[in-house]
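> Kindly generate the corresponding structure for this input.
(one chain, ligands or ions: 1)
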Amino acid sequence: MSGSIESLPKITVLISGNGSNLQALIDATNKGSLKAEISLVISSSSEAYGLTRASNAGIKTKVHSLNSYYRQLPKTEDAEEKKKLRAKAREDFNTDLLNLILEGKTGNEDPKIIVAGEFVKPQLIVCAGWMLILSKSFLTQLDKRSSIPIINLHPALPGQFEGINAIERSWTAAQAGEVDKTGIMIHKVIPEVDKGDPLLVKELEVIKGESLEKYEARVHAMEHIAIVEGTVKALKTLV
Ligand code: GRF
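Here you go, the predicted structure:
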């Protein structure tokens, strides 16, 4: 008999899109291969299908959209002023995201959906297809206020193709013979994008002449295994 749900470690998952990696985590908790409870899914987009996946699984969701912060900015033609306002909005977005994760406090753009008292602080944060760069202040404050570990799935090998479009960039380099292997990793999130220490690395062989679509399918299949294994591994490192 597995432990009661109250005793399971709580995970907050950050997503931005389809949520197939979130689905892999949900399926693993249902199968018992991931002994944890996904207590909150935060999406940077209100359009993310991952929100539907979470709701179907009975998991609380919250949209935390950077665009909603930008949309509230006063209009200005002054380029310098606009740059400053957007930088402040991005900072507020990160601050509100941290308070949402640590205290269940929602920002000013949505009615409170996490009732105080129902909120539980996570023991682990998993970025599963989260497409926004988390600010240095977010990460330093997270560490200072909670020391909750935060991990990320990145579809490239350590030191290869940090940043966006990593799958296509890996495929292009492999097909051009510039790299003799590709892969994916689960790594600790640090301010330098996709450069944190890897918890788990899964290599993929290069198949010459393989289409991008076929390569992408191999990557996602491997991601869905790695996201669960990496999360299990991260939970094991909790004190
Ligand atoms: C994955 O390929 C992930 O590596 C990248 O975005 C995709 C997310 O897919 N960051 P999903 O939303 O989990 O289906």
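> distance of the closest residue to V232 other than its chain neighbours from the ligand?
On the basis of CB to CB, 6 or more residues apart in numbering, the spatially nearest residue to V232 that is not a chain neighbour turns out to be L34, at 5.9 Å. Every C-beta, even on glycine, is put in place using the N, C-alpha and C of the backbone. As for L34, its distance to the ligand is 15 Å (criterion: CB to the nearest ligand atom, to the nearest Å).
> P191 too?
If you go by CB to the nearest ligand atom, the gap between P191 and the ligand works out to 18 Å.
> how close does the spatially closest residue to that residue that is not a sequence neighbour sit to the ligand?
By the measure of CB to CB, 6+ apart, the closest residue to P191 outside its immediate chain neighbours is K136, 4.2 Å from it. Taking CB to the nearest ligand atom as the measure, K136 and the ligand are separated by 20 Å.
> Kindly report the same for D197.
Here the distance between D197 and the ligand works out to 18 Å (CB to the nearest ligand atom).
> Leaving out the residues flanking it, which one is nearest to that residue?
K188 (5.1 Å).
> I figured that neighbour hits L199, correct?
Yes: using CB atoms under 8 Å, K188 makes contact with L199 at a distance of 6.8 Å.
> shared neighbours of these two, anything?
Common neighbours of K188 and L199, counting by CB atoms under 8 Å, 6 or more residues apart in numbering, are I151.
> ok, which residues in the chain are in contact with the ligand?
15, 17-22, 50, 128-129, 153, 155, 223 (CB under 6 Å from any ligand atom).
> List phi and psi for the closest residue to the ligand within the chain.
Nearest residue of the chain to the ligand: G129, at 2.7 Å (CB to the nearest ligand atom). For G129, the backbone dihedrals (degrees, to the nearest 10) come out as phi 80, psi 30.
> where does the chain have low pLDDT?
With pLDDT under 70 as the threshold, the chain has low-confidence stretches at 1-6, 107-117, 239.
> how about a cut-off of 50?
Per-residue confidence for the chain (pLDDT under 50) gives these ranges: 1-2, 109, 111-112.
> Show me the residue at the heart of it, geometrically.
C127 (1.5 Å; CA atoms, centre = their mean).
> Show the contacting residues for it.
For C127, the contacting residues are 13-14, 134, 150-153, 189, by CB under 8 Å, 6+ apart.
> ok, back up a step: okay, K188 and L199: which has more neighbours?
Between K188 and L199, counted using other CB atoms under 10 Å, the more crowded position is L199 (21 against 16).
> Am I right that the more buried one sits in a strand?
Yes: L199 sits within a strand when classified using DSSP: H, G, I helix; E, B strand; the rest coil.
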